[in-house]
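A.B. asks: Generate a structure from the sequence data that follows.
(one chain, ligands or ions: 1)
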Amino acid sequence: MSLLKRLLQTAGRLNWILGASVVAGIAATLLQLGLLWGGFLVLFQPVAHWWLWLIILALAGGLCRFGEQYLGHLAAFKILDYLRNLTYQKLLYLAPAKLDDQRQSDVLKLLAQDIAQIETFYAHTLAPVLIGVGLAIGLTVGFWLAAPVLGVIALVAYALIGLIIPLTSRRHLATLAQQQAQADASEQRQLTALITGRQTLQQYAAISARTATLNQTTQAYWRVNRKRSLRQTQNAVGMQLVVIVSLAAVIAVVVTQQLPLILAVIFPLTFSRLLDLGNLPGTLSGGLLAARHVFAFLDESPRVVETGQAKLGPIQAVALTDVAFAYPQRPTAPILRHTDLRLRAGERVGIVGPSGAGKSTIIKLIMRWYTPDQGTIAVNDRPITTYSLDQLRQQINDVPQVAQVFDGTLRENLTLRVTAFTDAQLWQVLDWVHLTAAIRRLPDQLATQVSRDRPILSAGEVQRLELARALLHPSSLLILDEPTSNLDVVNEAVILTAVQHHYSGTVILVTHRESSLALCDRVLELNHGQLRPRQHAGNPVETKGKGGK
Ligand SMILES: Nc1ncnc2c1ncn2[C@@H]1O[C@H](COP(=O)(O)OP(=O)(O)OP(=O)(O)O)[C@@H](O)[C@H]1O
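C.D. replies: Residues are numbered from 1 along each chain as shown. Take a look at the predicted model:
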């Protein structure tokens, strides 16, 4: 009930549109019944201009039906639009830390399916149900006025169809809806893994095994779906029986009490909208489950709460002092303990250490994806929390291990949201990372469309594109997290040389490759949660010479 209340609160003024659709729906049904009643009456006692009255009734009924549909769809699209916007904003607010530990397919399911299900529930379940309830009350009163016993029969029949039958199957249908949602989520996860990992699966001839598992999940989904349909069909049959039995009772009353025959004719037609109530448990539980997912997501608080307002100029110093950290999902498994790190302006520091030691975690703490459990992080001698997240992130460019390609042109991939860059600036950074020739060869050059699934460029070229993006956007701290791990020596040298000659800020390089450490002034090793100077650091490739950006 509280979910329903929250849904209605979230919908806000859209409830008025939905309310108007409900009123139009009730009016349309009453006018249609009136048309039938009038048509039946004039068969026996024609009145003056009866045809005009019938036309007016038909037109008014049609207009109300149109209004019901129009307003219902308007409310549906508006709620869809509103909830999507709300969740996109929340997604931005929670990113990146919260998404670091969320299953991507679950987030996608939430944005696509759950919200669509809420929309269906809000506009296409709630409205018909309210229309059904409104009509049931109105018609019961109407039949009662004709003959009290007819009012009782109508009330019992409407209550059975709208209340008793749906309520008896509510728990069963809710469980089935939950099982179906779980099977659906599992199917989506497997499908995403199958598509993204297709090359690996092909290589290890594991596609058929994975497809078999996916098939089993799909079958499980359809099994639950069948059970749900069967239960809904049983409900529908039960309701039809109620209609037949109550109609027989109404005919008996009309005949014995010599009431107008039209009452018996009209009675079964009054169920047309009430039968929608029978679908309530299925759609209600599905819709409420989706609402629970969406509201749980909307209620999540970010890992890092923005408190600072201070402006941040170029980063001159970063200091981690006695930092301890464990991921919130695994609080008993600390990744960092008593970690210290000092970075001075313009120096290039390499961080090495075994896989899983926590190197990327240090980066995430510096970028404030997370807050340390203990110790302090200072930037330019002030606590990192002094600065707003925007200010901090404007000063830091991060080149991740897996290069990101976005749907759009190569130009858009380089500039992202900044439109002020000139083509000359773009070609300059592309030149630094040796991509000019490859892109000039493309028919549309910078306007070439690329996407994550179809990057057009090779893995090495995409990695260099990522670095070009980082060199294009001004920053004072460049973080390179395994930027060369997938590259050959030629591409590695291009990346290191580009950073060496064209980046004048501070650099943190996380790497497993000994050869990449040649870029660094000093190398720190992370072991058992602590950073210490490495004994045998690689020698710098050449004397540090930096061109300005
Ligand atoms: N979002 C997360 N939630 C929970 N645990 C995480 C998360 N990210 C990383 N971890 C865990 O924290 C530990 C350190 O991970 P991290 O990525 O920092 O290691 P790393 O030294 O960079 O490893 P690699 O060299 O393999 O990239 C790992 O055991 C990892 O499983």
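A.B. asks: what does the chain have sitting close to the ligand?
C.D. replies: Proximity of the chain to the ligand, by Cβ under 6 Å from any ligand atom, involves residues 100-101, 327, 329-330, 335, 353, 355-361. (Each C-beta comes from the backbone N, C-alpha and C, glycine too.)
A.B. asks: In the residues you listed, which residue is surrounded by the most others?
C.D. replies: Neighbour tally across these (other Cβ atoms under 10 Å): the maximum, 25 neighbours, falls on Gly358.
A.B. asks: Name the helix or strand for Leu43, please.
C.D. replies: Element membership of Leu43, judged by DSSP states H and E, is helix 14-44.
A.B. asks: ok, and for that helix, which residues are buried?
C.D. replies: Within helix 14-44, the residues scored as buried using 16 or more other Cβ atoms under 10 Å are 14-15, 17-18, 20-35, 37-38.
A.B. asks: Check the average confidence over the next helix or strand after that helix, would you?
C.D. replies: Helices and strands here follow DSSP H and E; after helix 14-44, the next one along the chain is helix 50-94. Averaging pLDDT along helix 50-94 yields 88.
A.B. asks: now the angle from helix 50-94 to helix 14-44?
C.D. replies: Put simply, helix 50-94 runs at 160 degrees to helix 14-44, going by axes from the mean of the first three to the mean of the last three Cα atoms, to 10 degrees.
A.B. asks: helices and strands around helix 50-94, which ones?
C.D. replies: Counting contacts by 3 or more Cβ pairs under 8 Å, 6 or more residues apart in numbering; DSSP states H and E, helix 50-94 packs against helix 2-11, helix 14-44, helix 115-121, helix 127-146, helix 280-299.
A.B. asks: Please repeat the previous calculation with a cut-off of 7 Å.
C.D. replies: helix 14-44, helix 115-121, helix 280-299 (3 or more Cβ pairs under 7 Å, 6 or more residues apart in numbering; DSSP states H and E).
A.B. asks: could you give the angle of the longest one to helix 2-11?
C.D. replies: Relative orientation of helix 14-44 with respect to helix 2-11: 100 degrees, computed using the same axes, to 10 degrees.
A.B. asks: go on, the last one?
C.D. replies: Here helix 280-299 runs at 60 degrees with respect to helix 2-11, directions being taken by the same axes, to 10 degrees.
A.B. asks: how about the helices in the stretch 351-500 of the chain?
C.D. replies: 359-366, 389-395, 410-415, 423-432, 436-440, 459-472, 489-502 (DSSP state H, counting those that start in this stretch).
A.B. asks: For the stretch 401-549 of the chain, give me the ranges with low pLDDT.
C.D. replies: In the predicted model, the stretch 401-549 of the chain carries pLDDT under 70 at residues 417, 455, 486, 535-549.
A.B. asks: Distance check, Thr332 against Gly375.
C.D. replies: 18 Å (Cβ to Cβ, to the nearest Å).
A.B. asks: picking that back up, the helix holding Leu43 - what's its average pLDDT?
C.D. replies: 89.
A.B. asks: other SSEs contacting that helix?
C.D. replies: helix 50-94, helix 127-146, helix 262-266.
A.B. asks: hmm, 10 Å instead?
C.D. replies: helix 2-11, helix 50-94, helix 127-146, helix 262-266 (3 or more Cβ pairs under 10 Å, 6 or more residues apart in numbering; DSSP states H and E).
A.B. asks: so where's the longest helix in the chain?
C.D. replies: helix 207-256 (DSSP state H).
A.B. asks: now the angle between helix 280-299 and that helix, please.
C.D. replies: Helix 207-256 runs at 130 degrees relative to helix 280-299, counting by the same axes, to 10 degrees.
A.B. asks: Is it correct that Gly356 is in contact with Tyr327?
C.D. replies: No. Between Gly356 and Tyr327 there is no contact under Cβ atoms under 10 Å: 12.0 Å.
A.B. asks: which residue packs closest to Val294, ignoring adjacent ones?
C.D. replies: Asp114 (5.3 Å; Cβ to Cβ, 6 or more residues apart in numbering).
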